[in-house]
Structures are given as C-alpha cells and as structure tokens.
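Trainee: Next comes the sequence, and after it the predicted model I'd like to discuss.
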Amino acid sequence: MTQLLEKLAKNFDTVSPATTSAIEAAEKFFNLRLPSDYKAFLLFSNGLEGETTDSYLVLWGAEELVELNQAYNVKEFVSNIILIGSDGAENAFGFDTTKMTIVELPFIGMGHIANEKISETFSDFLSNQIKEQNKSFFKRLFN
C-alpha cells in the first residue's frame, strides 16, 4: 500500500488526511451521507491538485466543501449539487445528490447551463481523470 500512496504523491499534490470530524461536519452541513469511496479518498488525502489525462484536477478538502459551496452560492443556483472541486479553470465537479453521480458544470452560468453527468461513482471519476499509469492505483485503493 505504501508504494501505491507514494505513486499518487508523485503525480498529484496531496495533503494530510481529513479528520473524521471534518467529514462528519460536512455531512451534517449538507444533511446527507457522502459516498464511501469519496470519504475513503478524503481520509487518504484531504484534497489534491495536479495534471490529469486531459486537463487539470483540483479536489477540495472536507472543510473547503462547506466554505466553497457557500462562497459560490451553489444552493442558490442548483439545489441538488454539492461541488467538490474543479478543472482549475471554468468548470466545477460535484455530486448530483439525487443519485450521488458526478457531474460537471460551469462556474459561470451554473443553474442556467445543463449539468453533464460524467461518472456513476467517485472512484470511476478519479479513474477517468488521472493519468494512465495511475488508473490501477485508484481501483485498488477503493476496491
């Protein structure tokens, strides 16, 4: 497992794990249970940043979930979305809370431009976002 975590750290800027209390505070704020694979990720690294197969990926830490969803006024524009990160530019990634699927939506025009479903699960989302050499790592981490 240590080798797998070192491989992830070489390809992304990671941070210390989230605390269980920070994850529980986010769940309480949003009044829902976050998916187990997403919580496993937060307990491994409380966010990350780096290049992906096609673009760039920024995933927020547990504390940032509440802070940045409030700052972006997400509930004002889309009541069933919790943003979890971005491509580092124009687009955000989030959970559609009706089915807990991953969607992509623009920061500008949020709520006016349709969300695009990009993955059924958080694990699949990560597998699709990371560089080819990392794909097996996330499958082993979350399975």
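Mentor: Here it is on my side, so go on.
Trainee: C-alpha only now, for contacts and for neighbours.
Mentor: Will do.
Trainee: By mean pLDDT, point me to the weakest helix or strand of the protein.
Mentor: Sorting the helices and strands of the chain by mean pLDDT, DSSP states H and E puts helix 2-11 at the bottom, at a mean of 49.
Trainee: any chance you could map the strands in this structure?
Mentor: 13-14, 48-51, 56-59, 81-86, 91-96, 101-106, 116-119 (DSSP state E).
Trainee: Show me which residues of the last one are buried.
Mentor: Within strand 116-119, the residues that count as buried by 16 or more other Cα atoms under 10 Å are 118, 119.
Trainee: packing partners for that strand?
Mentor: Helices and strands touching strand 116-119, by 3 or more Cα pairs under 8 Å, 6 or more residues apart in numbering; DSSP states H and E, are strand 101-106.
Trainee: Now do the contacts for the residue nearest the centre of the chain.
Mentor: Nearest residue to the geometric centre of the chain (Cα atoms, centre = their mean): residue 84, 4.2 Å. Residue 84 sits next to 59, 60, 65, 92, 93, 94, 95 when contact means Cα atoms under 8 Å, 6 or more residues apart in numbering.
Trainee: how far away is residue 100 from residue 55?
Mentor: Distance, residue 100 to residue 55, using Cα to Cα, to the nearest Å: 23 Å.
Trainee: Name the residue in those two with the higher neighbour count.
Mentor: Higher neighbour count among residue 100 and residue 55: residue 100, with 19 against 13, using other Cα atoms under 10 Å.
Trainee: That one reaches residue 36, doesn't it?
Mentor: No - counting by Cα atoms under 8 Å, residue 100 stays clear of residue 36, with 11.0 Å between them.
Trainee: what about residue 27, neighbour count?
Mentor: Using other Cα under 10 Å as the criterion, residue 27 is surrounded by 16 other residues.
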